[in-house]
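sequence first, predicted model second:
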Amino acid sequence: MNAMTRPLPAKSPDEGTPIVRVEGVAMRYASGVTALDGIDLDFPRGKLTTLLGPSGCGKTTLLKIIAGLIRPTAGSVQVEGRPVTGPGPERALVFQDFALLPWATVLRNVAFGLELRGTPKAEREAIAEKYIREVGLSGFENQYPNQLSGGMRQRAGLARALTVNSDILMMDEPFSAVDEQMRRKLQEDLLSLLQVEQKTVIFVTHSIEEAVYLSDRIVLLSRRPSRVSAIRDPGIPHDGPPDQIRRDQRYLDTVDEIWDTLKQYLQ
Amino acid sequence: MTPRSLLDRVPSGLSLVVWAAVWELIGRFGGVDLIPPMSSIAVKAVEIVQTDSFLEALAVTAQAFGIGMALAIVVGIPLGVAMGVWRPAEKLLNVWVNIFISAPLTALVPALMPLLGIGQTTVIATVFLFAVWVLVIDTQAGIRHVGSSLVDMARLFGGTRTQIFFKVLLPGALPEILTGLRLAVVRGVKGVVIGQIIIALLGFGELFELYLQNFLMEEFWALVFVVFALAFVLVEAVGVVERRFDFYAGSR
């Protein structure tokens, strides 16, 4: 392939200090199932890193461990050099099932992260309004989640994650519950948004195309018990128009190459 | 108009009208003393509801029902919440709740009398016993149904335990709590009337006893239908409130 393709060792020393460092993280359940088996990973600052792997490989578990929602049975996670013991204000998460309060309007849902932090109502609603505009939900502030399409619900979920102004934005298969066309639109909009918002993104998906389209770096996880099987940097610039990426030769090559790697796990 | 669309237009109250007409015919021509004509029962019902004895009975009943239900709510909802959020509470109490929700509680009322006296306290206790369990179970189920991702979301954004409880768990469980409340009202109404009838000295129980002893069937049936109607209206009123929160459930 090309020089962007790197062999196995998980740690790569570019981009200065990593913002998130995962060391020897393992997750064994009481049932005897081992979801994660000694994961070592660095997440470079300001980049979009994708965790990609077959269904049930534990990528969501890894994300929740980084989020501080689950404690690993071994190993540790450090954010900005500090060990993670629980959720923290520097990490926000976009949920696969949106996790919107069904009894609250879009406005309250988007402002809910700030509400939990005790931000005064007027202030948090002003901030929420800004991000509602940014994700393209203007005019829907007073609708309830069940009045919105899946794509719009996830826009609200994304806006909520942005309001708290975290450096790290984690996204757990955020677009898997919306239809194909909407997914493409959301992916393009996410890239445009990330040109404005300086974030380190940790993105979980099982879609190779989505991973290659969005990512600065792709971490391939093996089947359960999950290990890092390879890391790829597609090397596609993300500052151009989003619709150019799918025509880039590097995009097509990387998709093929990752498919070749992942195929072996689908027996 | 097709027969089909004709059927669609049948008003939902029609079967009631047919039933009343059949009753009327049996009452007039059936020669059964137990069943007076519906029309005279209706006239009697209007008479009865204006009597002092009815109004007194209604007041006594409403008091017992109100206090019993209030106790059931004050005890049942917190108990259900505790069982929903705290496994040990569930393990300890689940068996009791399940025994009592299926038990024929009517059998307990005579046992309550020597403990609480032959009076209002026993009726209140009966209402409470009838109503509380379904409230516990539905509240618990409601708390459980709140998606774990909503709780994860609240934790992730730094929510404290108290915040998660009041801003996520409790509002999330509200539809089930309201369903539990409606079912509790249904059971509480049964409880208050059963309690009064077993004691036979109080409220509607006293009136039923009086009418039956003297074979006043018009009065007896009139009171039966009035009590049925009161119970129906009460449950429907709670149902209206419950349906207002339907949009909750739609998006879960």
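Thanks, I have it. Please read these numbers as outputs of a predicted model, since none were measured by experiment. Numbers count the residues shown, from 1 in each chain, chains lettered A, B, ... in the order given.

mind showing which ranges of the stretch 151-267 of chain A have poor pLDDT?
Applying pLDDT under 70 to the stretch 151-267 of chain A flags residues A:267.

and the residue in it that chain B sits nearest to, how many neighbours?
Residue nearest to chain B within the stretch 151-267 of chain A (Cβ to the nearest Cβ): residue A:164, separated by 6.4 Å. Quick note: C-beta positions are derived from backbone N, CA and C, even for glycine. Close neighbours of residue A:164, defined as other Cβ atoms under 10 Å in any protein chain shown, add up to 23.

I'd say it and residue B:153 touch.
No - contact criterion Cβ atoms under 8 Å: residue A:164 and residue B:153 do not qualify, at 11.7 Å.

okay, helices next: where are they in the stretch 51-200 of chain B?
Along the stretch 51-200 of chain B, the segments classed as helices by DSSP state H, counting those that start in this stretch run B:52-85, B:87-102, B:109-116, B:120-145, B:148-156, B:161-164, B:170-199.

any low-confidence regions in chain B?
B:1-4, B:246-252.

give me the buried positions along stretch A:198-218.
Applying a neighbour-count criterion of 16 or more other Cβ atoms under 10 Å in any protein chain shown, one finds A:199-218 buried in stretch A:198-218.

and that stretch, how far apart are its ends?
End-to-end distance of stretch A:198-218: 19 Å, with Cα to Cα, to the nearest Å as the criterion.

now stretch B:24-43
Terminal residues of stretch B:24-43 lie 13 Å apart, using Cα to Cα.

which bits of the stretch 101-250 of chain A sit near chain B?
Residues of the stretch 101-250 of chain A lying close to chain B (Cβ under 8 Å from any Cβ of the partner chain) are A:101-103, A:112-113, A:115-117, A:144-146, A:160, A:164.

can you say which of those residues are buried?
When those are checked for burial by 16+ other Cβ under 10 Å, the buried set is A:101, A:102, A:103, A:112, A:113, A:115, A:116, A:144, A:145, A:160, A:164.

how much space separates the fourth one from residue B:68?
This points to residue A:112. In this view, residue A:112 and residue B:68 are 38 Å apart by Cβ to Cβ, to the nearest Å.

likewise for the last one?
Look at residue A:164 and residue B:68: by Cβ to Cβ, they are 47 Å apart.

next one: residue B:43
Residue B:43 is 33 Å from residue B:68, by Cβ to Cβ.

these two: which has the busier surroundings?
Using other Cβ under 10 Å, the more surrounded residue of residue B:43 and residue B:68 is residue B:68, with 26 against 13.

now the more buried one: closest residue in space that isn't a chain neighbour?
Spatial nearest neighbour of residue B:68, excluding adjacent residues (Cβ to Cβ, 6 or more residues apart in numbering or on different chains): residue B:127 at 2.5 Å.

just checking, the one you found touches residue B:76?
No - counting by Cβ under 8 Å, residue B:76 is not a contact partner of residue B:127; they are 12.0 Å apart.

who's more crowded, these two?
More crowded of residue B:127 and residue B:76, by other Cβ under 10 Å: residue B:127, with 30 against 27.

distance check, the more buried one against residue B:242.
Distance of residue B:127 to residue B:242, given as Cβ to Cβ: 20 Å.

what's the answer for residue A:216, then?
51 Å.

contact partners for the residue nearest to residue B:68?
Taking Cβ atoms under 8 Å, 6 or more residues apart in numbering or on different chains, we find residue B:127 in contact with B:64, B:65, B:67, B:68, B:69, B:72, B:188, B:191, B:192, B:195.

what residues are up against residue B:196?
Per Cβ under 8 Å, 6+ apart, neighbours of residue B:196: B:61, B:64, B:123, B:202, B:203, B:204, B:205, B:206, B:208.

list the contacts of the residue lying closest to it once chain neighbours are set aside.
Nearest non-adjacent residue to residue B:196, counting by Cβ to Cβ, 6+ apart: residue B:205, 2.9 Å away. Applying Cβ under 8 Å, 6+ apart to residue B:205 gives the contacts B:193, B:195, B:196, B:197, B:198, B:199.

what is the nearest of those to chain A?
Checking those against chain A by Cβ to the nearest Cβ gives residue B:193 as the nearest, at 35.8 Å.

could I get the contacting residues of that closest one?
Residues near residue B:193 by Cβ under 8 Å, 6+ apart: B:61, B:204, B:205, B:227.

swap in residue A:205?
Here residue A:205 is in contact with A:50, A:51, A:52, A:173, A:175, A:176, A:211 (Cβ under 8 Å, 6+ apart).

strands along the stretch 151-267 of chain A, start to end?
Ranges of strands in the stretch 151-267 of chain A, per DSSP state E, counting those that start in this stretch, are A:168-172, A:200-205, A:217-221, A:228-232.
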